[in-house]
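J.: No sequence on hand, only this structure:
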Ligand SMILES: *[C@@H]1O[C@H](CO)[C@@H](O)[C@H](O)[C@H]1NC(C)=O
Ligand SMILES: *[C@@H]1O[C@H](CO)[C@@H](O)[C@H](O)[C@H]1NC(C)=O
Ligand SMILES: *[C@@H]1O[C@H](CO)[C@@H](O)[C@H](O)[C@H]1NC(C)=O
């Protein structure tokens, strides 16, 4: 009798676990208070009463930041951001995924402020297995301080796509079979921070922060996270199952329509690409520079 009930009990636990692990993907709550915690200077972080919008402040006293409660392995994150308006030279707003390990994987958006009426630079970077040096820079085709625009990261087994208002501005493909490091094992958390990058951000560090123009404030709202929540086992997020939508065939490279946009961005808005910097790499560009972007 006892062992019969024991078996039922164990079966129940087993079913419960399978259910839990097969629903690894979350569509976020949209509430900053529920999905994120403040990592840096709570007095400089302001969240609306409904939790749907949040701002970060940088002043002479401190910068600020927050990070996701969960870690993720693959999925998509959409983050609407309104950047610091007016004179923002020297400020850096970062929105990134990071594994925070010594051999870290990281996917970065960094917005480099500027003096009034001059364009921000959007810098992107990818760390794989601790190596970075993969900067690209673009000018945006709109004023990012007037309204919210959505900055997105799609990350799966095949590719990483950086998007601005759904327009792909950069890809980093999985060429691991050709010996190129690709972030594919380490779960990452989502982080946001606003800080003083005076030493390098604007005009190569010549335009410093002017504290008299502060405080500097950037805002976030209505994000979505649809990604595989890390539960200690990469297998669940990598599996070819219907719930792992991010690994779907049609997301394995850019669509034709996306390629057209991608080429438009690269032709008219790209201002720096490490893959074109022969001087820096002494004519020995990283391997991925010779491989397809889609
Ligand atoms: C916080 O944000 C609200 C609007 O969302 C604003 O009215 C208030 O002044 C802000 N508080 C601080 C300390 O910045
Ligand atoms: C700031 O504006 C200047 C002048 O238009 C431009 O050359 C520079 O790339 C802009 N961005 C940064 C981050 O310096
Ligand atoms: C966020 O979404 C809510 C509900 O749709 C909307 O009322 C609000 O204006 C949005 N906020 C921003 C900053 O887009």
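T.: Thanks, I have the structure now. All values reported here derive from a predicted model rather than from experimental measurement. Ligands and ions are numbered 1, 2, ... in the order given.
J.: Could you list which residues are in contact with the residue of the stretch 1-150 of the chain found nearest ligand 2?
T.: The nearest approach of the stretch 1-150 of the chain to ligand 2 comes at residue 118, 3.3 Å away (Cβ to the nearest ligand atom). Glycine gets a C-beta too; all of them are placed from N, C-alpha and C. Going by Cβ atoms under 8 Å, 6 or more residues apart in numbering, residue 118 touches no other residue.
J.: Please tell me how far it sits from residue 67.
T.: 31 Å (Cβ to Cβ, to the nearest Å).
J.: so residue 65 sits right up against residue 190, yeah?
T.: No. Between residue 65 and residue 190 there is no contact under Cβ atoms under 8 Å: 11.2 Å.
J.: Looking at those two, which is more packed in?
T.: residue 190 (25 against 20; other Cβ atoms under 10 Å).
J.: Next, the contact list for the nearest residue to the more buried one once chain neighbours are set aside, please.
T.: Once flanking residues are discounted, residue 190 sits nearest to residue 68: 4.1 Å by Cβ to Cβ, 6 or more residues apart in numbering. Contacts for residue 68 (Cβ under 8 Å, 6+ apart) come out as 35, 36, 189, 190, 191, 225.
J.: name the helices or strands packed onto the helix or strand encompassing the third one?
T.: In other words, residue 189. Assigned by DSSP states H and E, residue 189 belongs to strand 189-196. Strand 189-196 is packed against strand 36-40, strand 53-58, strand 64-68, strand 72-82, strand 91-98, strand 216-221, with contacts defined by 3 or more Cβ pairs under 8 Å, 6 or more residues apart in numbering; DSSP states H and E.
J.: How far does that strand sit from its chain's centre?
T.: Its chain's C-alpha centre and that of strand 189-196 lie 10 Å apart, by Cα atoms, centre = their mean, to the nearest Å.
J.: between it and strand 53-58, how big is the angle?
T.: Here strand 189-196 runs at an angle of 40 degrees relative to strand 53-58 (axes from the mean of the first three to the mean of the last three Cα atoms, to 10 degrees).
J.: what are the pairing partners of strand 189-196, and which direction each?
T.: Applying DSSP bridges, strand 189-196 is found paired with strand 64-68 (antiparallel), strand 91-98 (antiparallel).
J.: what comes into contact with it?
T.: Residues from elsewhere that reach strand 189-196 (Cβ under 8 Å, 6+ apart): 36, 39-40, 56-58, 63-68, 70-72, 77, 79, 84, 90-100, 209, 216, 218, 220, 225.
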